[in-house]
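Enquirer: Only the shape, not the letters, is given here:
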Ligand SMILES: [Fe+2]
């Protein structure tokens, strides 16, 4: 392996983990209290908080009527709508609108972009990670870890604790996100933004990506095959270690995002069976998992450190099994999730802009 890919920070985390030391204690810098971190720009979150609060308070049928194209409305809230083609219809609308993200791209790229759009992923190997070392060391010191949705139990309502499950996600600061983007940009195909846009379903750029350092060991709630929501969402995984089939590789059911009929059937069934524990990110279990696995090809992203995968997590995906003594360490990342109307306006604007080029 080239020296350019050496990451002492990752080796340090591995040895702290092996010694059983608290990862959040790593380093000497004192963390700031949550109150001291509040900035004026955080006031901009108020409208979106109000939006989410209003959504939560509404009766199920009103949620289905008023929020039908919203990205936060992950699955039908009422059984009345779950018995209809409501979810399939809006999923198909999202697929159509998201596919417009390809239309503004240069003609010679469209075939490859369509293939990434249909499969649901794009990957590339980065060869120069060593410049990330300091940023990885720093983030453990200044950021408080969170589980970021990776819970130590399956979302089946039983709340049974998974033994030896460990998940810690450390979010990078705005400045460090841009530093990471500048570092990896040098190593990326110049057309990367087009692939990212095809998977996010709207025109976006590398600089829109924000990152977390993800340290995971054992199983967690992400081990179940699931969709994040009914609509396209772009997430990424930059491997900081060599990942084989025992190290929790990212796994994806190829082509599942564009299958509105199958996905909405699974979602409707979950709603009708009162499976509210999956919080709308519906899971494939038992017969449905078997059905999904036989329907789509399972793509398991094993590979060397530097493998960078971007996927549309509106399609089915999971963390593969982790049976290693070392934790799995990677940068997980994503761009903002957007609803269908937002995506449509952005994509139409880009198509018009490209027509005048
Ligand atoms: Fe997910």
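Expert: Received, thanks. The shown structure was predicted, so the numbers you read here are calculated from the model rather than taken from an experiment. Residues are numbered from 1 along each chain as shown.

Enquirer: Residue in this protein with the shortest distance to the ion?
Expert: Here the residue of the chain nearest the ion is residue 228; by C-beta to the ion that distance is 4.5 Å. Placement of C-beta: from N, CA and C, glycine included.

Enquirer: I'd guessed that residue sits against residue 315; true?
Expert: No: between residue 228 and residue 315 there is no contact under C-beta atoms under 8 Å: 9.1 Å.

Enquirer: who are the neighbours of the helix or strand of the chain with the lowest mean pLDDT, in terms of helices and strands?
Expert: Lowest mean confidence among the helices and strands of the chain (mean pLDDT, DSSP states H and E): helix 45-57, at a mean of 81. Judged by 3 or more C-beta pairs under 8 Å, 6 or more residues apart in numbering; DSSP states H and E, helix 45-57 is in contact with no other helix or strand.

Enquirer: Distance from the next helix or strand after that helix to the middle of the chain?
Expert: Moving toward the C-terminus from helix 45-57, the next helix or strand (DSSP states H and E) is helix 60-66. When distances are taken as C-alpha atoms, centre = their mean, to the nearest Å, helix 60-66 is centred 26 Å away from the chain's centroid.

Enquirer: Contacts for the helix or strand just after helix 60-66, please.
Expert: As assigned by DSSP H and E, the chain's next helix or strand after helix 60-66 is helix 79-82. Outside helix 79-82, the residues that touch it by C-beta atoms under 8 Å, 6 or more residues apart in numbering are 61, 64, 75, 76, 87, 267, 268, 271, 272.

Enquirer: would you list every one of the helices in the stretch 1-150 of the chain?
Expert: Secondary structure of the stretch 1-150 of the chain, counting by DSSP state H, counting those that start in this stretch: helices at 8-18, 45-57, 60-66, 79-82, 86-103, 110-119, 133-142.

Enquirer: Pull out the buried positions in the longest one.
Expert: For helix 86-103, a neighbour-count test (16 or more other C-beta atoms under 10 Å) marks 86-88, 90-91, 93-95, 97-102 as buried.

Enquirer: Okay, and the beta partners of the most centrally placed residue in the chain?
Expert: Computing the C-alpha centroid of the chain and ranking residues by C-alpha atoms, centre = their mean puts residue 235 first, at 3.4 Å. Beta bridges link residue 235 to residue 311, residue 334, judged by DSSP bridges.

Enquirer: Double-check residue 319 against residue 222; I have them as touching.
Expert: Yes: shown here, residue 319 and residue 222 form a contact pair, counting by C-beta under 8 Å, at 4.4 Å.

Enquirer: who touches both of those two?
Expert: Shared contacts of residue 319 and residue 222, defined by C-beta under 8 Å, 6+ apart, comprise residue 150.

Enquirer: In contact with residue 301, which residues?
Expert: By C-beta under 8 Å, 6+ apart, residue 301 lies in contact with 121, 123, 237, 243, 249, 250, 251, 252, 307, 309.
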